[in-house]
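**Q** no sequence on hand, only this structure:
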């Protein structure tokens, strides 16, 4: 299992992300694209009418049309989406790390020793150099201290509490509003054509489940993610699931198809991602016996969102993008394909 | 993890079950109960109109009726069912062991060394003493040799092949017909009332998925079970999931609520089981904030099915039955509650 690699990515994200966040644009600087006036309701109205949109609608129409040689039975219309960078933003750091920091700071009064103990000291003092020095071991300590030691129900409440009280540093919106409106439309459009939509994310499964149904319309049992080990306890007539400080499963890279096979038991025919962590899921989907569709989100909009790929501190993107280009997968150019990025742009 | 315990149970099941199967009743000896003539379609027509049936229908009506103080929103109507002994029979041994034996025998020509190597020799010669002597280690070897070393797709085909070619030794029917008609009706009845039905079984998840949709109307992603580790490979442009000879997860006893939390992310309000392996799932369900229902199948019909509990070679049943009785859970008395056991009784 590539735990070390995943932690390394998390660590770099954590450290460099916090530094780069100082240079972020403000909400007010976002350019709002005008909505076109048409008489027909367009299920993908935030998408420009270009080749990317046409590739999606052509595929969905083809495989949903009875009698078409590429028709797919409804029960096999499985669509899997990465979350970080695919359904919501992942800058300046993965949002789950903001949650971890929030929890460490909230727990600090109960842990006076953290003032003098790395990596907690570094978090409390925003001391990035010291945090970097704590390495992978330090980050694992940070994640475990913030993500385990409570029941599953308590953890769910903590995530909801974070969403209710904290906002994204650039947009000043709750994190679950820093989501891509065109992708919300795509999820709805696929479901309207009887696709079953799943999230398959490197993020924590129990970190996502408290809000994914309301935010994406995807219920808890269609969320696949990384997890910590848990145990069932039954004490004094009280049944509980307790979260333990041990990694159970890393749902990233080759872990994604493994997770899909474990949780869904079917190969997706539609898969969307944006990084090397999604490449294997997309390859797995491309090996379907049905006509399949691979969608790769390329972050090209430095003004409205972020522009990054090969050089980003947020993991690696080279292999995924190269493979997508070489294999003719559909690549979303955020800047040129999306009229709107975030739902709050059109609400203001 | 209670891997050793689970293997021990499997081993005892395997050994004693094969011996006791010699005393099984024949299909023709089954007593077929007459169907009552009523003008109203009864969704639970294979159930006698007694307290057990009334407890089920009262509960379902109560929690499905808008305005009732115990009303449960549709999205939280989660129903989990054990499989072995709850939805299908588990005698003379867990059916998955018949599959393992079938595979070992099919693979034997490629493994001439098995003729002289335990525990394979024992299987090939039906030598139960020698099989017993091979112990837990032997059984694990047997399971791994029959359940790993192939792709997920190949394994699915092997399970389908077994169902198509092998029949139950007592009833001479494919194994997925040796299922409980009253429970099929209950699954349908719950779904008609917008419950989402899941299987949560100690059996292998990939052993169940090839046939559960057709047999129970439960799709692959609503099947939770034990699993072996898998790995994703991508070689020469070919994406595959390969099954490895290592236990990944034992979905039994305290593993059941852990599996439910991992795969569903919600607590069941309705749970059905028949052994100590189901007790924790039922306790977990009983801890729901909603009004919940626990159903315990008691095998009391030696003529039409089997009668066993405390003394059976098939695992342990004491704790579950005692706890069910002490806590007023609904206990199915197969002999007196079910007019029909198997669907094929009424087809003949």
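**A** Thanks, I have it. Predicted model, so just to flag it, every value in this text is computed and none were measured.

**Q** name the next helix or strand downstream of the helix or strand of chain A with the lowest mean pLDDT, please.
**A** Scoring the helices and strands of chain A by mean pLDDT, DSSP states H and E places helix A:3-20 at the bottom, with a mean of 42. From helix A:3-20 onward toward the C-terminus, using DSSP states H and E, the following helix or strand is helix A:51-64.

**Q** and that following helix, what's buried?
**A** Using 16 or more other Cβ atoms under 10 Å in any protein chain shown as the test for burial, helix A:51-64 gives A:52, A:53, A:55, A:56, A:57, A:59, A:60, A:63, A:64. (Glycine included, C-beta is placed from N, CA and C.)

**Q** please name every helix or strand in contact with that helix.
**A** Applying 3 or more Cβ pairs under 8 Å, 6 or more residues apart in numbering or on different chains; DSSP states H and E, we find helix A:51-64 packed against helix A:181-192, strand A:293-300, strand A:330-333.

**Q** how about these in JSON lines, adding mean neighbour count, distance to residue B:252 and mean pLDDT?
**A** Listed next are those as JSON lines, based on neighbours: other Cβ atoms under 10 Å in any protein chain shown; distance: least, Cβ to Cβ, whole Å; pLDDT from 0 to 100:
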{"stretch": "helix A:181-192", "mean neighbour count": "19", "distance to residue B:252": "35", "mean pLDDT": "98"}
{"stretch": "strand A:293-300", "mean neighbour count": "24", "distance to residue B:252": "38", "mean pLDDT": "97"}
{"stretch": "strand A:330-333", "mean neighbour count": "20", "distance to residue B:252": "44", "mean pLDDT": "98"}
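
**Q** between these, which one is closest to chain B.
**A** With respect to chain B, and counting by Cβ to the nearest Cβ, the nearest of the helices and strands packed on helix A:51-64 is strand A:293-300 at 11.7 Å.

**Q** could you check the angle the closest one makes with helix A:51-64?
**A** Angle, strand A:293-300 to helix A:51-64, by axes from the mean of the first three to the mean of the last three Cα atoms, to 10 degrees: 160 degrees.

**Q** so does strand A:293-300 get close to chain B?
**A** No. Against chain B, strand A:293-300 shows no contacts by Cβ under 8 Å from any Cβ of the partner chain, the least distance being 11.7 Å.

**Q** quick check: end-to-end length of stretch A:169-184?
**A** Using Cα to Cα, to the nearest Å, the span of stretch A:169-184 from its first residue to its last is 22 Å.

**Q** show residues contacting that stretch.
**A** With contact meaning Cβ atoms under 8 Å, 6 or more residues apart in numbering or on different chains, stretch A:169-184 is reached by A:21, A:24-27, A:44, A:46-47, A:81, A:86-89, A:92, A:95, A:98, A:162-164, A:166-168, A:211, A:214-216, A:272, A:337-346.

**Q** swap the cut-off to 6 Å and go again
**A** The contact list for stretch A:169-184, computed with Cβ atoms under 6 Å, 6 or more residues apart in numbering or on different chains, reads A:21, A:24, A:27, A:46-47, A:87-89, A:95, A:163, A:167-168, A:211, A:215, A:338, A:340, A:343-344.

**Q** now do the SS call for residue A:241.
**A** Following DSSP: H, G, I helix; E, B strand; the rest coil, we place residue A:241 in the strand state.

**Q** which residues of the stretch 51-200 of chain A lie near chain B?
**A** Contact residues, the stretch 51-200 of chain A versus chain B (Cβ under 6 Å from any Cβ of the partner chain): residue A:152.
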